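Chemist: Whatever this is, show me its structure:
(one chain, ligands or ions: 1)
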Amino acid sequence: MHELGLAENVIAAVGSDARRRGFTRVSRVTLRVGEWSAVLPDSLEAGFHLLASLEGDLFAGTELRIEREPARGICTACGSTFPAGRTGLVCPACGGPGRLESGVELEIASYEGE
Ligand SMILES: [Zn+2]
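Modeler: Below is the predicted model of the structure:
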């Protein structure tokens, strides 16, 4: 399961950073997930909570917040940006070809703890 591996990476990255900073508890983790990243938020959340429960006190009761980042295209002809539809990346302003500017990322936006 793709999402379980992602959740594992998130917990490993946040966990090592939080331990290094001397945190004893992580209260919230915020992820930024692109609209086109092919990640299922429900599966990611389920995986996160499953793995968090195995981590002991550091991730006890940690809230996972997932922010969806909309897919945006940028036109290679006129440079305008536009919401990328699922039908393709054609510039609505000039009809030129666009490329994907955002929407496929999965990153840890922030985390909070004490
Ligand atoms: Zn254009």
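
Chemist: how about the helices of this structure, start to end?
Modeler: Along the chain, the segments classed as helices by DSSP state H run 2-20, 41-54.

Chemist: Minimum distance to Cys75: which of those has it?
Modeler: helix 41-54 (29.4 Å; CB to CB). (C-beta placed from N, C-alpha, C; glycine too.)

Chemist: closest one to the ion among the helices of the chain?
Modeler: For the helices of the chain, the distance to the ion is smallest for helix 41-54, at 31.6 Å, taking CB to the ion.

Chemist: Which elements pack onto that closest one?
Modeler: Applying 3 or more CB pairs under 8 Å, 6 or more residues apart in numbering; DSSP states H and E, one finds that helix 41-54 contacts helix 2-20, strand 26-34, strand 63-69.

Chemist: among these, which is the most enclosed?
Modeler: Most buried of the helices and strands packed on helix 41-54 by mean neighbour count (mean count of other CB atoms under 10 Å) is strand 26-34; its value is a mean of 19.

Chemist: Who are the packing partners of that one?
Modeler: Counting by 3+ CB pairs under 8 Å, 6+ apart, strand 26-34 packs on helix 2-20, helix 41-54, strand 63-69, strand 106-113.

Chemist: rerun that using 6 Å as the cut-off
Modeler: Counting contacts by 3 or more CB pairs under 6 Å, 6 or more residues apart in numbering; DSSP states H and E, strand 26-34 is packed against strand 63-69, strand 106-113.

Chemist: contacting residues around stretch 15-29?
Modeler: 14, 58-59, 62-64, 111-114 (CB atoms under 6 Å, 6 or more residues apart in numbering).

Chemist: quick one: pLDDT of Ala13?
Modeler: Ala13 carries a pLDDT score of 97 in this model.

Chemist: got it, and Gly88?
Modeler: 76.

Chemist: which secondary structure elements does the helix or strand of the chain with the lowest mean pLDDT contact?
Modeler: None of the helices or strands of the chain scores lower by mean pLDDT, DSSP states H and E than strand 98-102, at a mean of 90. Other helices and strands packing on strand 98-102, by 3+ CB pairs under 6 Å, 6+ apart, are strand 72-75.
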